[in-house]
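Asker: Sequence and predicted structure, then a few things I'm wondering about:
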Amino acid sequence: MRIFALSAADIGTETIWEDVRELLERFERKTGEISADQVRRGAASEQLQIWGLQDAERVHFLAVTELGITPKGLVCTVRIAVGSARVPMQERLLDAIGAWAREAGCKRVRLVGRPGWLRRFRRLRQTAVVMEWEL
């Protein structure tokens, strides 16, 4: 399985988009947080970065990151993680994202997701709780 990161030009290619669209639509259906089309537009404008794990047959796992400026410095937030891949491969992808974020000047990598990520990746520590209610 190999790690990839898509460029803004890559995301405009229909063949490449079709390879990642299904997983992004799955995330959209499950969470309602962001649509696949919003991710595509964000990646095309370089506001979002799309990372993944694939073998010769298909893309198995995607992560979408976003850089943001905070009072403590630049932070790389993993906004989306979707798909299935063995945990060691997910760890390698997280390492690649961290290395890229460090080169970009980030001071931290933040994940927004389910509590299970805290159990899966021991390097993570809980820094906040996100809560909401339906109106």
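Answerer: Received it, and whenever you're ready, just let me know what you need. Numbers count the residues shown, from 1 in each chain.
Asker: and residue 28, how many neighbours?
Answerer: Neighbours of residue 28 under the rule other Cβ atoms under 10 Å: 18. In this view, the C-beta of every residue, glycine as well, is placed from N, C-alpha and C.
Asker: Hmm, residue 40 and it touching each other?
Answerer: No: assessed by Cβ atoms under 8 Å, residue 28 is found out of contact with residue 40, at 11.3 Å.
Asker: buried ones in the lowest-mean-pLDDT helix or strand in the chain?
Answerer: When each helix and strand of the chain is scored by mean pLDDT, DSSP states H and E, helix 116-120 comes last, with a mean of 80. Neighbour-count burial for helix 116-120, counted by 16 or more other Cβ atoms under 10 Å, picks out residue 117.
Asker: Please apply the same query to stretch 77-94.
Answerer: Those would be 77-83, 85, 90, 92-94, for stretch 77-94 by 16+ other Cβ under 10 Å.
Asker: what do you get for stretch 36-47?
Answerer: Applying 16+ other Cβ under 10 Å to stretch 36-47 flags 36, 39-40, 42-44 as buried.
Asker: ok so, going back, so can I have CSV of the buried residues of stretch 77-94 showing secondary structure and pLDDT?
Answerer: Formatted as CSV, those follow (DSSP: H, G, I helix; E, B strand; the rest coil; pLDDT from 0 to 100):
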residue, secondary structure, pLDDT
77, strand, 93
78, strand, 93
79, strand, 93
80, strand, 93
81, strand, 92
82, strand, 94
83, strand, 94
85, coil, 90
90, helix, 92
92, helix, 95
93, helix, 96
94, helix, 93
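Asker: Output these in TSV, with distance to residue 69 appended to each entry.
Answerer: Supplementary listing: these in TSV, determined by distance: Cβ to Cβ, whole Å:
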residue	distance to residue 69
77	11
78	17
79	16
80	20
81	23
82	26
83	29
85	31
90	27
92	28
93	24
94	22
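Asker: so which of those residues comes closest to residue 3?
Answerer: Nearest to residue 3 among these, counting by Cβ to Cβ, is residue 93 at 5.5 Å.
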